[in-house]
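S.K.: Pasted the sequence and its predicted model underneath.
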Amino acid sequence: MIEIQVKPGKCDQHNHICIDTPCPYPGCPNGVLIDDGVPFNAVAKNGFKYPLKRVSWESPTRGEVYAWYELAHDDPHDFLRCGTYRPEAFNVRQPELDNPIIYHYTDQTGLEGILNGSNLWMTDHRHLNDTGEVQFGLQQLQQVLAEFEDTFSSSEDLKKIYDLLSGETIRFSPMYVTCFSNNGDNLTMWRSYADEGKGFAIGLARKTFIGADYLELKGVERGTCVYAPEKQRQIFRTLIQTFLSLKKLFDQQHHASFLPKRQANEFLQECLSSILTMKHHAFACEEEFRMVATLYNQDNVKLRQSHDQQIPYINTQGIFDIMPYPKEGTKFSRGELLFSKPTFFIQEIVVGPNKDSVAMKGWLEEKLIELGLETTCVRQSTIPFNSLKGQRASQ
Ligand SMILES: [Zn+2]
């Protein structure tokens with residue numbers, strides 16, 4: 001087999017982000033001069049060789065997409081390497097909100113925990129305040145699945161996937177969620193997530209969340225919640241079309257009906273994380289941004305008591321840190337973005353609207369000084385306390 005010395009790298013033009021393969025697009029200066037489908041041994045800088053060939057598949061949002069297919073590997077999950085499901089879903093999503101700061105609403109204990117421990121808690125999605133949320137995304141998925149029923153019933157392995165999607169698997173897969181809002185002073189958020197206004201909203205730089213490749217590697221999904229029903233269905237349609245398109249590619253490569261397990265898992269995972277970032281349009285005013293940990297170490301799961309329930313959670317240690325200083329001009333190198341745990345600097349802390357808010361601001365400033373921190377990032381909610389009370393009374 002031909003051997004070609006390869007230079008791994010990023011290609012912005014083709015959105016190739018893999019760290020150990022060249023860009024797979026034909027004719028790209030960051031790529032390799034080889035014809036489509038011709039197998040070759042890619043020789044990395046360290047002498048490591050891996051047999052590849054260039055393949056392409058039809059993406060529902062990007063047209064023809066090129067990728068490397070590793071020939072020594074039974075399960076092409078690893079070697080389609082340019083990202084499959086996530087970019088497809090992202091293209092449909094096109095987040096409509098992009099406030100540079102996202103806010104985590106919490107009560108006083110939660111804030112102390114974050115300031116002392118530099119991390120947040122992520123809750124098992126099956127124990128979210130509103131369990132209907134998961135149900136809601138699932139219903140949208142079921143509707144779209146029905147459109148593809150004939151296709152899925154055409155082969156045994158497709159039928160298996162169909163059963164997984166329409167069954168209980170998704171509902172019962174544990175995943176861990178933490179919520180933010182694009183709005184730092186939102187009445188609904190104060191009421192629902194910050195001890196009825198007696199809590200705080202911690203503002204973190206959104207850009208770091210979006211840009212951190214490390215989070216990708218850690219299986220942490222994140223995105224602004226989708227509230228428009230047609231967009232929600234379009235996301236599932238796109239994911240299913242992507243899956244079917246890749247399935248076609250695998251069948252062609254293997255000259256048989258072939259369903260790589262990890263590839264199928266990736267598809268199921270993306271459906272699940274899409275479900276978890278969909279909400280009923282009645283919640284649109286929350287302007288929610290969510291992070292969902294899809295991979296985690298079972299040993300890190302802990303339990304906390306809430307009313308009469310034990311709620312499983314993980315903390316974000318190992319996923320990201322929250323540091324209190326809004327450091328000016330902090331820049332991450334490419335290596336840091338890929339390999340180190342990201343740090344999110346607190347940009348501001350908003351004190352909730354409540355009758356003791358002046359005292360709470362004082363408490364917070366003291367707490368910050370005690371920790372040796374600046375107090376300039378503290379501001380008070382501008383929502384009059386009465387509107388909080390008024391809403392509660394009208395319930
Ligand atoms: Zn390229």
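M.R.: Yes, it's here.

S.K.: per-residue confidence averaged over stretch 94-111?
M.R.: Averaged across stretch 94-111, pLDDT comes to 82.

S.K.: in it, what's buried?
M.R.: Neighbour-count burial for stretch 94-111 flags 101-108, 110-111 (criterion: 16 or more other Cβ atoms under 10 Å). The C-beta positions use only the backbone N, C-alpha and C, and glycine is treated the same way.

S.K.: so of the residues you listed, which ones are in helices?
M.R.: 108, 110-111 (DSSP state H).

S.K.: Indicate whether the longest strand along the chain makes contact with the ion.
M.R.: For the chain, the strand with the greatest residue count under DSSP state E is strand 49-59. No. Counting by Cβ under 5 Å from the ion, the ion has no neighbours in strand 49-59; the shortest distance is 11.9 Å.

S.K.: per-residue pLDDT, Phe180?
M.R.: Looking at Phe180, its pLDDT is 91.

S.K.: in stretch 255-273, what's buried?
M.R.: By neighbour count on 16+ other Cβ under 10 Å, the buried set for stretch 255-273 is 258-260, 263-264, 266-273.

S.K.: For Ala89, see how far away the nearest residue to Tyr85 once chain neighbours are set aside is.
M.R.: Distance criterion Cβ to Cβ, 6 or more residues apart in numbering; nearest residue to Tyr85, sequence neighbours excluded, is Glu270 at 3.8 Å. As judged by Cβ to Cβ, to the nearest Å, Glu270 and Ala89 stand 6 Å apart.

S.K.: Next, Phe258: phi, psi?
M.R.: Phe258 adopts backbone torsions of phi -140, psi 130, taken as degrees, to the nearest 10.

S.K.: who touches it in this structure?
M.R.: Counting by Cβ atoms under 8 Å, 6 or more residues apart in numbering, Phe258 makes contact with 157, 250-251.

S.K.: one more time with 7 Å
M.R.: Applying Cβ atoms under 7 Å, 6 or more residues apart in numbering, we find Phe258 in contact with 250-251.

S.K.: Now do the same for the residue of the stretch 51-200 of the chain found nearest the ion: helix, strand or coil?
M.R.: Proximity to the ion, evaluated over the stretch 51-200 of the chain using Cβ to the ion, is greatest for Tyr66 at 8.7 Å. Look at Tyr66: counting by DSSP: H, G, I helix; E, B strand; the rest coil, its state is strand.

S.K.: Once you drop chain neighbours, what's closest to it?
M.R.: Nearest non-adjacent residue to Tyr66, counting by Cβ to Cβ, 6+ apart: Pro24, 4.3 Å away.

S.K.: isn't the one you found right up against Trp68?
M.R.: Yes. The criterion here is Cβ atoms under 7 Å, and Pro24 meets it with Trp68 at 5.1 Å.

S.K.: Quick check: neighbours shared by these two?
M.R.: The contact sets of Pro24 and Trp68 overlap at Arg54 (Cβ under 7 Å, 6+ apart).

S.K.: Okay, helices next: where are they in the stretch 151-300 of the chain?
M.R.: Ranges of helices within the stretch 151-300 of the chain are 156-166, 169-172, 187-193, 206-211, 213-217, 229-254, 261-276, based on DSSP state H, counting those that start in this stretch.

S.K.: For the buried residues of stretch 255-273, could you give me a markdown table that also reports pLDDT and distance to Gln140?
M.R.: Shown next, in a markdown table, are those (pLDDT from 0 to 100; distance: Cβ to Cβ, whole Å):
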| residue | pLDDT | distance to Gln140 |
| --- | --- | --- |
| Phe258 | 75 | 29 |
| Leu259 | 75 | 24 |
| Pro260 | 75 | 27 |
| Gln263 | 78 | 23 |
| Ala264 | 82 | 21 |
| Glu266 | 81 | 20 |
| Phe267 | 87 | 16 |
| Leu268 | 85 | 16 |
| Gln269 | 81 | 17 |
| Glu270 | 84 | 14 |
| Cys271 | 87 | 11 |
| Leu272 | 82 | 13 |
| Ser273 | 80 | 14 |
